[in-house]
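**Q** Curious how this folds, go ahead:
(2 chains)
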Amino acid sequence: GAVVSQHPSWVICKSGTSVKIECRSLDFQATTMFWYRQFPKQSLMLMATSNEGSKATYEQGVEKDKFLINHASLTLSTLTVTSAHPEDSSFYICSAREQVAGAKTGELFFGEGSRLTVL
Amino acid sequence: DAKTTQPPSMDCAEGRAANLPCNHSTISGNEYVYWYRQIHSQGPQYIIHGLKNNETNEMASLIITEDRKSSTLILPHATLRDTAVYYCIVRATANSGGYQKVTFGTGTKLQVIP
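**A** Numbers count the residues shown, from 1 in each chain, chains lettered A, B, ... in the order given. Next comes the predicted model:
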């Protein structure tokens, strides 16, 4: 199946610094990517929807100035956690929706996740 | 996307069939039933999806009731590696004109016991 790759898979940073997480669709074009956050023993929480070439759509309660999303190409979306604090420590997961073409249904594929720890 | 209800946890003996139920009583006509699973500290993995007919692939079978208000995911011969959280989701596909985003419920934590 299609592959979505996230980088880095884990990162540790100091409080106050910014961290960028990349999400790439390796063998398909993705007009839409989604970013999720998952705290321990909880389900995935949708943070935002990233559309290629336009501004991201954030879910209620998610600070757009803190979680900057850029979707500059059909294969890459980035999430930047700005001025990170310990409460931002979490597992961040992206998913990419395959660009619909012909009979394809635009399935969703998920990355491996990126674990952020803020000290 | 319609809301789904799943039992929080289930146990299954290794080698036996695991039957995971899901209720989706408010499902719309253009919404499919999708199943994903998440093994600890990994991203969700697609398992199977269906609209109204039963589906089978190399991983699992999906049984959808005639009224489409519930479904069951069947892992025919559970192994220890099937221990994971299983999520049932209903959503419209891109070419059906429905919503694109996917929201997750709490899922069912399946524990396969040796």
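**Q** Excluding chain neighbours, give the residue nearest to the residue positioned nearest the centre of chain B in space.
**A** For chain B, the residue sitting closest to the mean C-alpha position, by C-alpha atoms, centre = their mean, is B:W35 at 3.0 Å. Computed as C-beta to C-beta, 6 or more residues apart in numbering or on different chains, the closest residue to B:W35 that is not its neighbour in sequence is B:I47, at 4.3 Å. Placement of C-beta: from N, CA and C, glycine included.
**Q** How about A:C23?
**A** Nearest to A:C23 is A:C94, by C-beta to C-beta, 6+ apart, at 3.5 Å.
**Q** Paired strands for the helix or strand that neighbour falls within, with orientation please.
**A** Using DSSP states H and E, A:C94 sits in strand A:90-98. Partner strands for strand A:90-98, per DSSP bridges, with pairing direction: strand A:30-38 (antiparallel), strand A:108-110 (antiparallel), strand A:114-118 (antiparallel).
**Q** For chain B, what lies in contact range of chain A?
**A** B:36, B:38, B:41-46, B:85, B:87, B:93-95, B:100-107 (C-beta under 8 Å from any C-beta of the partner chain).
**Q** just to revisit the earlier point, show the contacting residues for the residue nearest to the centre of chain B.
**A** B:20, B:22, B:47-49, B:60, B:62, B:73, B:86-89 (C-beta atoms under 8 Å, 6 or more residues apart in numbering or on different chains).
**Q** sorry, back to before: what sits against the residue nearest to A:C23?
**A** By C-beta under 8 Å, 6+ apart, the residues touching A:C94 are A:4, A:6, A:21, A:23, A:33-36, A:77, A:79, A:110-111.
**Q** What parts of chain A come near chain B?
**A** Residues of chain A lying close to chain B by C-beta under 8 Å from any C-beta are A:1, A:4, A:6, A:32, A:34, A:36, A:43-46, A:49, A:91, A:93, A:95, A:97, A:100, A:104-113, A:115.
**Q** For PyMOL, write the selection for the buried entries among those residues.
**A** One line in PyMOL is enough to select the buried ones among those; burial here means 16 or more other C-beta atoms under 10 Å in any protein chain shown:
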select buried, chain A and resi 4+6+32+34+36+44+45+46+49+91+93+95+97+106+107+108+109+110+111+113+115
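**Q** quick one on the thing from earlier: in strands, which of the contacts of B:W35 fall?
**A** Those of the contacts of B:W35 mapping onto strands are B:20, B:22, B:47-49, B:62, B:73, B:86-89, per DSSP state E.
**Q** Can I get the residues you listed in TSV including neighbour count and pLDDT?
**A** Shown next, in TSV, are the ones in strands among the contacts of B:W35 (neighbours: other C-beta atoms under 10 Å in any protein chain shown; pLDDT from 0 to 100):
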residue	neighbour count	pLDDT
B:L20	23	98
B:C22	25	97
B:I47	20	93
B:I48	18	93
B:H49	19	91
B:L62	22	97
B:L73	25	98
B:Y86	23	98
B:Y87	25	96
B:C88	26	96
B:I89	24	92
